[in-house]
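In: Here is my input; please provide its structure:
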Amino acid sequence: MTLPLAGLLGLVGLLSRYNTPNPRVDAEAAARTASSMSYFVSQFVGNVVGLTLLIFGVLALTAYLANTRARGLALAAMVLSISGIGPVLSALGVTTYALPVLGRAYLNGQQGTMGIVDAIFNNPLRIIFVFVFILYGAGFILFGVAIWRSGVLRKGAALSFGLHVPLVSSFIRPQPDPAVVVGALLFILGGALIALDVIRRPHPGRRRGLSTAQADLESKH
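Out: As a prediction, the model looks like this:
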């Protein structure tokens, strides 16, 4: 259940950044938005809570696939995706914790804080994000392959996970584009399909573990 919930919370964080003033056009309006409590809460829920839940969802999905023929792929996907999620969580901590403080500093007369914001979203964060996204994207594409090959989860979830990857490639930007929202919706759809399948079949490997005699006995009944 943490997979669709993580996607939903991430979408909340993304939508809250839409229509925020551009600091290069109206620095004071941007500072007021960034320093507001609603902005902080939306970013905390979307970035910190959402990504933390995503890590638990990845672990749970890997454990669910551990008793299927796709367990090796699932393990590799877990390692890659968490290797990407961890640095993204720290990077988005900037928009959650640092921007409200910088916004208040600007409103208090420290005009140089806008230059700090520009510096944060340029190098080295932009360079680091390229490598981080490669890990994240590779991890969830592998999860899509693992889900497809597992035979215990519907293939629509595999397609949703795979297709969302290129769409969310720019979600770190202060102003996300519509493609990122579509990617987030695809992730929520994939997570919801997985959750429904797990609820219906909580133990995918149990039947595989039956002995031949037990299987024959069940077939007779």
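
In: Show me what the longest helix anywhere in the chain is packed against.
Out: Using DSSP state H to assign secondary structure, the helix with the most residues in the chain is helix 125-150. Taking 3 or more Cβ pairs under 8 Å, 6 or more residues apart in numbering; DSSP states H and E as contact, the helices and strands that helix 125-150 lies on are helix 50-64, helix 71-93, helix 155-167. From N, CA and C alone the C-beta is placed, and that goes for glycine too.

In: Now render those helices as a markdown table, adding distance to Gly13.
Out: Supplementary listing: the helices and strands packed on helix 125-150 in a markdown table, determined by distance: least, Cβ to Cβ, whole Å:
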| stretch | distance to Gly13 |
| --- | --- |
| helix 50-64 | 6 |
| helix 71-93 | 8 |
| helix 155-167 | 16 |
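
In: Columns distance to Leu186 and mean pLDDT on top of those, output as CSV?
Out: Putting those into CSV (distance: least, Cβ to Cβ, whole Å; pLDDT from 0 to 100) gives the following:
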stretch, distance to Leu186, mean pLDDT
helix 50-64, 15, 94
helix 71-93, 16, 89
helix 155-167, 4, 89
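
In: How many residues are close by Arg126?
Out: Applying other Cβ atoms under 10 Å, we find 13 residues neighbouring Arg126.

In: How much space separates it from Val132?
Out: Arg126 sits 11 Å away from Val132, going by Cβ to Cβ, to the nearest Å.

In: What of Phe40?
Out: The spacing between Phe40 and Val132, counted by Cβ to Cβ, is 24 Å.

In: what's the answer for Leu102, then?
Out: For Leu102, the distance to Val132 equals 23 Å [Cβ to Cβ].

In: Show me which of those two is the more surrounded one.
Out: When Leu102 and Val132 are compared for neighbours, Leu102 comes out ahead with 23 against 20, by other Cβ under 10 Å.

In: what is the mean pLDDT for the helix or strand the more buried one falls within?
Out: Per DSSP states H and E: Leu102 is located in helix 99-107. pLDDT averaged over helix 99-107 equals 86, rounded to a whole number.

In: residues of that helix that come out buried?
Out: Neighbour counts over helix 99-107 (16 or more other Cβ atoms under 10 Å) mark Leu99, Pro100, Leu102, Gly103, Arg104, Ala105, Tyr106 as buried.

In: check contacts around the fourth one.
Out: Yep, that's Gly103 we're talking about. Under the criterion of Cβ atoms under 8 Å, 6 or more residues apart in numbering, the contact partners of Gly103 comprise Ala30, Ala31, Arg32, Thr33, Ala34, Ser35, Thr113.

In: got the buried residues for the helix or strand just after the helix holding Leu102?
Out: Under the assignment DSSP H and E, the closest C-terminal helix or strand after helix 99-107 is helix 113-120. Applying a neighbour-count criterion of 16+ other Cβ under 10 Å, the buried positions in helix 113-120 are Thr113, Met114, Val117, Ile120.

In: Next one, pLDDT for the first one please.
Out: Reported pLDDT at Thr113 in the predicted model: 78.

In: any idea how far it lies from Pro4?
Out: When distance is defined by Cβ to Cβ, Thr113 is 37 Å away from Pro4.

In: now the second one
Out: Counting by Cβ to Cβ, the separation of Met114 from Pro4 is 37 Å.

In: The residue lying closest to Leu59 once chain neighbours are set aside: what's it in contact with?
Out: Here the nearest residue to Leu59 in space, its sequence neighbours aside, is Met78; by Cβ to Cβ, 6 or more residues apart in numbering that works out to 6.8 Å. Neighbour list for Met78: Val58, Leu59, Leu61, Thr62, Gly139 [criterion: Cβ under 8 Å, 6+ apart].
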